[in-house]
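Trainee: Sequence first, then the predicted structure:
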Amino acid sequence: MRDETLVVLAEYNTLMEAEITKSILDSAGIESTIRNEYMSTLYPVGTMPAQIVVRESDMERAQSLLKLR
């Protein structure tokens, strides 16, 4: 994921929701990462959400897989 533009696919108030989404993406072969992973557990809900980040080139496929738009 080094040389491509990364985009935020989704934001979650809990780390568990973000980890479930990451697992779904990983199972489909879409590389992703969780941004704000630890900060989202330290601050109050909604202050610093956990973000799922994917390559820009994978965005449309990931949205379709998760049915996001």
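Mentor: Perfect, I can see it now.
Trainee: Distance from the chain centre to stretch 4-12, please.
Mentor: On the basis of Cα atoms, centre = their mean, to the nearest Å, stretch 4-12 sits 6 Å off its chain's mean C-alpha point.
Trainee: try stretch 15-30
Mentor: Centre-to-centre, stretch 15-30 and its host chain are 7 Å apart (Cα atoms, centre = their mean).
Trainee: Alpha carbons of that stretch, as CSV, please.
Mentor: Provided in CSV are the C-alpha atoms of stretch 15-30 (Å, rounded to 0.1, in the frame of the first residue of the first chain):
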residue,chain,number,x,y,z
LEU,A,15,-12.7,-0.9,17.0
MET,A,16,-14.7,-4.1,16.9
GLU,A,17,-16.8,-2.9,14.0
ALA,A,18,-13.7,-1.7,12.1
GLU,A,19,-12.0,-5.1,12.7
ILE,A,20,-15.0,-7.0,11.3
THR,A,21,-15.0,-4.8,8.2
LYS,A,22,-11.3,-5.3,7.7
SER,A,23,-11.8,-9.1,8.0
ILE,A,24,-14.5,-9.0,5.3
LEU,A,25,-12.2,-7.0,3.0
ASP,A,26,-9.2,-9.2,3.7
SER,A,27,-11.3,-12.3,2.9
ALA,A,28,-12.1,-10.8,-0.5
GLY,A,29,-8.4,-10.0,-1.2
ILE,A,30,-8.7,-6.3,-0.6
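Trainee: Okay, buried residues for that stretch please.
Mentor: Residues of stretch 15-30 classed as buried: 15, 17, 18, 21, 22, 25, 30 (neighbour count, 16 or more other Cβ atoms under 10 Å). Every C-beta, even on glycine, is put in place using the N, C-alpha and C of the backbone.
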